[in-house]
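A.B. asks: Sequence plus the predicted model coming up.
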Amino acid sequence: MKASEIRDMTPDQLDDEIVKLKKEQFNLRFQAASGQLENTARIRQVRRDIARIMTIQQSLVAQAAK
């Protein structure tokens with residue numbers, strides 16, 4: 001997911017997206033532990049998407065505080 005797409009989302013959408021990605025991350029970890037995961041790069045993508053969203057959320061909070 002691109003940062004520009006994330007910036008276009010509302011705060012509620014950002015929260016929903018984080019929840020969705022964390023569930024996916026949990027499932028991917030479970031698959032990796034059981035040896036069923038085929039695309040191991042997806043774990044990294046999901047982790048970075050979560051970080052991207054959280055960073056943009058923090059910047060929005062900082063802008064609102066000013």
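C.D. replies: It's in.
A.B. asks: In terms of helices and strands, where is I50?
C.D. replies: Assigned by DSSP states H and E, I50 falls within helix 41-65.
A.B. asks: contacting residues for the one residue sitting closest to the centre of the chain?
C.D. replies: For the chain, the residue sitting closest to the mean C-alpha position, by CA atoms, centre = their mean, is I50 at 2.3 Å. Residues near I50 by CB atoms under 8 Å, 6 or more residues apart in numbering: 18, 21-22, 25. All C-beta spots, glycine's among them, are computed from the backbone N, C-alpha and C.
A.B. asks: Could I have the buried ones of these as PyMOL selection syntax?
C.D. replies: Of the contacts of I50, the buried ones go into a single PyMOL selection, burial set by 16 or more other CB atoms under 10 Å:
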select buried, resi 21+25
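A.B. asks: what two of the contacts of I50 are the furthest from one another?
C.D. replies: Using CB to CB, the two most remote members of the contacts of I50 are I18 and Q25, lying 10.1 Å apart.
A.B. asks: For V46, grab the count of nearby residues.
C.D. replies: If you count neighbours by other CB atoms under 10 Å, V46 ends up with 21.
A.B. asks: my read: it touches F26, true?
C.D. replies: No - counting by CB atoms under 8 Å, V46 stays clear of F26, with 9.8 Å between them.
A.B. asks: Look up how far Q57 lies from the residue nearest to the centre of the chain.
C.D. replies: Distance from I50 to Q57, counting by CB to CB, to the nearest Å: 11 Å.
A.B. asks: same check, this time on K20
C.D. replies: From K20 over to Q57 the distance is 15 Å, taken as CB to CB.
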